[in-house]
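1. this one's sequence-less:
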């Protein structure tokens, strides 16, 4: 399939120039008007939430989002909420996103992996450009209410990163609590947990026969998918898009 033939018209909308799931986009006015609470914790990532339900949640609330920092409701900044952004290298994100496209039925057929990578590089995927998204959060790194974490660091030394998060949240990192968090966030535990592996969702929505939602959880899997030529093209494009940005990401550990 020619990647240029992607048809997002049925299940997607355009919000501020980026492709967005229609079921989320229809609540966009509510998202922009959302009132944060000072003790809200925001966990943000680029992809690989219902507004009314959040209003009913008791505090402190933990809110997960795929929005860039510039599209996050302004009240989170006004209330000085704490925010954690988890960043992953673009090549592994592209691979993971490709499989997500394959397994979730509302996505258009992504075609071959090289065809999908072209769309990924152009930001023609839900939530827009990885480059813009990542840069938007990286620019907030000096904000004392923002903590930037890296997927590769989490894979390399999860205990160290858990302690970093707990200190950021003003919690004393006891070894017992760290042990418990490390255990429950391990790849195998998350893969076996219905709350995180999405196995309860009907196959017609997420077909995990194509690929499990919790797939590999490794760093460097991109090497199994990028040809030499595609890798060179991606690196060139990456340098252009991230020019002037001080962010350095590891593509293997």
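-> Perfect, I can see it now. Every value quoted in this text rests on a predicted model; they were computed, and no experiment measured them.
2. got the contact list for residue 122?
-> Listed by Cβ atoms under 8 Å, 6 or more residues apart in numbering, the contact set of residue 122 reads residue 129. C-beta here means a position set from N, CA and C on the backbone, and glycine is covered the same way.
3. Could you check how far it is from residue 130?
-> According to Cβ to Cβ, to the nearest Å, residue 122 stands 11 Å off from residue 130.
4. Kindly report the same for residue 143.
-> 21 Å.
5. where does this structure have low pLDDT?
-> 1-5, 49-50, 52-56, 187-204, 208-215 (pLDDT under 70).
6. Show me the strands in it, by range?
-> For the chain, the strands defined by DSSP state E cover 12-15, 18-21, 41-45, 62-65, 82-87, 146-150.
7. would CSV of these with mean neighbour count and distance to residue 248 be doable?
-> Formatted as CSV, these follow (neighbours: other Cβ atoms under 10 Å; distance: least, Cβ to Cβ, whole Å):
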stretch, mean neighbour count, distance to residue 248
strand 12-15, 17, 30
strand 18-21, 20, 25
strand 41-45, 19, 19
strand 62-65, 14, 25
strand 82-87, 21, 11
strand 146-150, 19, 10
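8. Dump those strands into CSV; add distance to residue 96 as well.
-> Conversion of the strands of the chain to CSV gives the following (distance: least, Cβ to Cβ, whole Å):
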stretch, distance to residue 96
strand 12-15, 19
strand 18-21, 17
strand 41-45, 11
strand 62-65, 16
strand 82-87, 13
strand 146-150, 15
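9. For residue 173, which of these is the nearest?
-> Closest approach to residue 173 among the strands of the chain is made by strand 146-150 (13.9 Å; Cβ to Cβ).
10. Please enumerate residues in contact with that closest one?
-> The contact list for strand 146-150 (Cβ under 8 Å, 6+ apart) reads 82-88, 137-138, 140-141, 161, 164-165, 168, 249-250.
11. how about the residue nearest to residue 126 when sequence neighbours are not counted, what does it touch?
-> Nearest residue to residue 126 in three dimensions, chain neighbours excluded: residue 19, at 5.1 Å (Cβ to Cβ, 6 or more residues apart in numbering). Contact analysis of residue 19 by Cβ under 8 Å, 6+ apart lists 8, 12-13, 124-128.
12. How about residue 131?
-> 90, 123, 238, 241-242.
13. For the closest residue to residue 28 other than its chain neighbours, name its beta-bridge partners.
-> Spatial nearest neighbour of residue 28, chain neighbours left out: residue 15 (5.5 Å); criterion: Cβ to Cβ, 6+ apart. Beta bridges link residue 15 to residue 18, judged by DSSP bridges.
14. Residue 15 and residue 104, how far apart?
-> Taking Cβ to Cβ as the measure, residue 15 falls 19 Å from residue 104.
15. Show me which of the contacts of residue 19 is closest to residue 226.
-> Set against residue 226, the nearest of these by Cβ to Cβ is residue 125 (17.1 Å).
16. now the contacts of residue 131 as CSV including distance to residue 216?
-> Shown next, in CSV, are these (distance: Cβ to Cβ, whole Å):
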residue, distance to residue 216
90, 17
123, 25
238, 22
241, 26
242, 25
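17. ok, so of those residues, who is nearest residue 186?
-> residue 90 (24.8 Å).
18. who's in contact with that closest one?
-> Contacts of residue 90 (Cβ under 8 Å, 6+ apart): 130-131, 134, 234, 238, 249.
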